[in-house]
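> What follows is a predicted protein model with its sequence.
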Amino acid sequence: MSADPSDFVRAHTRLAPVAHVPELRLHQAAEPIGLWELTEGEFRSEQPPPFWAFAWAGGQALARYLLDRPETVAGLRVLDLATGSGLVAVAAARAGAAVVRAVDLDPVAGAASRLNAAANDVRLDVTVGDLLDGDHGDAEVVLAGDVFYSEAMAARVLRFLLTAAADGARVLVGDPDRAFLPRERFTELGSYQVPVPPALESVRVRHTRVWQLRPPVRRPARTLA
């Protein structure tokens, strides 16, 4: 891989409209399997998979929701968790969010997010690191697209999102019915038929929903007699 993550992104993607959000453009891999093998995949290397190179169904649905309902984030401080390509963060910025912080573990995802923000004439505050053992900071809205894809990841993400919701943040998730989404904790806001790469999803369209996390019930503090 190139020493400069931005060069790697440019070399292995092309700038193209997003299928379900055509008003936005992303640097996307034209041939997903080759790039996945190049970065050696999740189970054969410490290098994270190239999640940043694709417009995943959950992110597309959430981006569509924000652009159709800009009042969701307009004027507010937003955190996009596990941002990947930055698609959801870019949509939030385009919808008028005051500040958008895009966070991902992968430095290549950070580079892709910056490139995609520039391609769409928006500004993102990009952070590379693991935020899940921390907190949501001052974000008033927390967004997460397609994060419930594994049991281990789902448990950590849910804990983080529940803490944010308990602190008063509005938490929105885009998810194409992945196995580890705890549906009982969410309220459905909208549903979409989202085009996806068949090489990755084995189908051409995913039924994908946008959900809002219900804040955990706070028990009243006990008083001493």
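Received, thanks. Here the structure is a predicted model, which means the values were calculated and not measured. Numbering: from 1, shown residues only.
> In contact with residue 124, which residues?
86, 89-90, 93, 100-102, 113-114, 117 (Cβ atoms under 8 Å, 6 or more residues apart in numbering). C-beta here means a position set from N, CA and C on the backbone, and glycine is covered the same way.
> In helices only, show me the residues you listed.
Residues of the contacts of residue 124 located in helices (DSSP state H): 89-90, 93, 113-114, 117.
> Export these as CSV, with columns for pLDDT, distance to residue 151 and neighbour count.
CSV is the format used below for these (pLDDT from 0 to 100; distance: Cβ to Cβ, whole Å; neighbours: other Cβ atoms under 10 Å):
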residue, pLDDT, distance to residue 151, neighbour count
89, 98, 26, 33
90, 98, 29, 33
93, 98, 32, 25
113, 98, 26, 32
114, 98, 31, 18
117, 98, 32, 21
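> for the chain, which helix is longest?
helix 151-166.
> Does anything pack onto it? Which helices or strands?
strand 77-81, strand 141-145, strand 170-175, strand 205-213 (3 or more Cβ pairs under 8 Å, 6 or more residues apart in numbering; DSSP states H and E).
> What about the nearest residue to residue 4 once chain neighbours are set aside, how many residues nearby?
Using Cβ to Cβ, 6 or more residues apart in numbering and skipping residues adjacent in sequence, the residue nearest residue 4 is residue 111, 7.8 Å away. A total of 22 residues lie near residue 111 under the criterion other Cβ atoms under 10 Å.
> and if you look at residue 23?
Close neighbours of residue 23, defined as other Cβ under 10 Å, add up to 12.
> would you say it is within a strand?
Yes - looking at residue 23 with DSSP: H, G, I helix; E, B strand; the rest coil, it is inside a strand.
> Could you measure from it over to residue 122?
Noted for residue 23: a distance of 12 Å to residue 122, by Cβ to Cβ, to the nearest Å.
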